[in-house]
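> One predicted model, sequence on top.
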Amino acid sequence: MAKRRGQGEGSVFKDARGLWTAKIELPPIDGKRRRKVVRRKDKAELLAELRKLQAELGQRGDLPTAGKTVDDWFTYWLDNIASKEVTPGTLAGYRGVVKNHIVPGLGPTTKIDRVSATIVRRMHDRMTAAGLSSTSALNAHNIGSGAMKSAVREGIIGTNPFNMVSPPRKAIADLDVLDLDEAVHLLEVLAAHPDGAQRATSLLAGARRGEVIGLETDRVDDVLDLSWQLR
């Protein structure tokens with residue numbers, strides 16, 4: 001029975017095109033065998049690269065490979081990494097952004113080690129061209145960057161392509177706010193409203209509805225303790 005090569009061991013041979021080729025055994029993922037393949041015209045260059053990669057493998061425990069597509073990696077990241085780091089509500093938001101913007105913008109079949117700064121910018125442009133705000137593009141950028149950071153950490157790719165691009169600027173909202181007279185009048189109206197206290201609290205504290213509904217009497221004093229809220 002043939003013996004499987006150990007992690008970091010490499011085989012060197014000439015392929016059908018006459019290129020010197022080395023295959024390095026990598027740690028398996030989900031029980032699947034993984035190898036890093038390197039090709040050079042000159043055998044000495046190949047052996048030098050092989051020694052370099054073996055040293056890197058020894059330090060990092062893994063090497064970048066070109067096996068995963070954008071769709072593969074982001075699906076894996078959502079299911080196995082992000083799901084353990086964020087709340088279910090945040091994860092649901094991530095899934096929508098990944099499905100609707102990141103994967104289509106980067107290209108579902110693009111290998112993640114081929115995602116370039118140009119491709120990331122193209123994702124930004126695709127979103128703004130569809131009428132979405134720069135804040136939405138920034139959100140997608142941050143989610144994509146987080147996923148690629150995990151890919152670097154796990155040795156799937158060498159660098160995070162999102163770090164090579166300036167993130168979109170957050171949109172500045174032109175808010176139509178109440179002036180003093182309008183605010184006073186609103187409070188007078190709320191005084192006679194069944195939910196007036198709740199709405200007045202939201203107005204004066206700038207609090208979310210869940211934060212106000214979650215207030216209990218022992219949390220209301222000279223200050224409002226909004227550290228607890230309904231979800």
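Thanks, I have it. Numbering: from 1, shown residues only.

> Next, the buried residues of stretch 85-93.
Residues of stretch 85-93 classed as buried: Leu91 (neighbour count, 16 or more other CB atoms under 10 Å). C-betas here are computed from N, CA, C, even on glycine.

> Can I get that stretch in CSV, CA atoms only?
What follows is stretch 85-93, C-alpha atoms only, in CSV (Å, rounded to 0.1, in the frame of the first residue of the first chain):
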residue,chain,number,x,y,z
GLU,A,85,-19.1,35.7,16.4
VAL,A,86,-22.2,37.7,15.9
THR,A,87,-25.9,37.7,17.0
PRO,A,88,-28.5,35.9,14.9
GLY,A,89,-30.0,39.2,13.7
THR,A,90,-26.6,40.5,12.6
LEU,A,91,-25.8,37.2,10.9
ALA,A,92,-29.1,37.5,8.9
GLY,A,93,-28.1,40.9,7.8
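
> Thr201: neighbouring residues, count only.
19 (other CB atoms under 10 Å).

> excluding its backbone neighbours, what's nearest it?
Val212 (5.0 Å; CB to CB, 6 or more residues apart in numbering).

> quick one: furthest residue from the center of this protein?
Taking CA atoms, centre = their mean as the measure, the residue most remote from the mean C-alpha position of the chain is Ala192, 47.5 Å away.

> So that one belongs to a strand, correct?
No: assigned with DSSP: H, G, I helix; E, B strand; the rest coil, Ala192 falls outside any strand and is coil.

> check contacts around it.
Ala192 makes no contacts at all, as judged by CB atoms under 8 Å, 6 or more residues apart in numbering.

> For it, give me the pLDDT.
Predicted confidence (pLDDT) for Ala192: 87.

> That one and Thr90, how far apart?
39 Å (CB to CB, to the nearest Å).

> ok, residues contacting the biggest helix by length in the chain?
Looking across the chain with DSSP state H, the single longest helix is helix 134-153. Among residues not part of helix 134-153, those counted as contacts by CB under 8 Å, 6+ apart are 68, 73-74, 77, 81-82, 94, 97-98, 101-102, 105-106, 112, 115, 120, 123-124, 127-128, 157-163, 165, 167-171.

> just the buried members of those?
68, 73-74, 77, 81-82, 94, 97-98, 101-102, 105-106, 112, 115, 120, 123-124, 127, 157, 160-162, 165, 167-168.

> Restricted to strands, list these.
Secondary structure of these is defined by DSSP state E; no position falls in strands.
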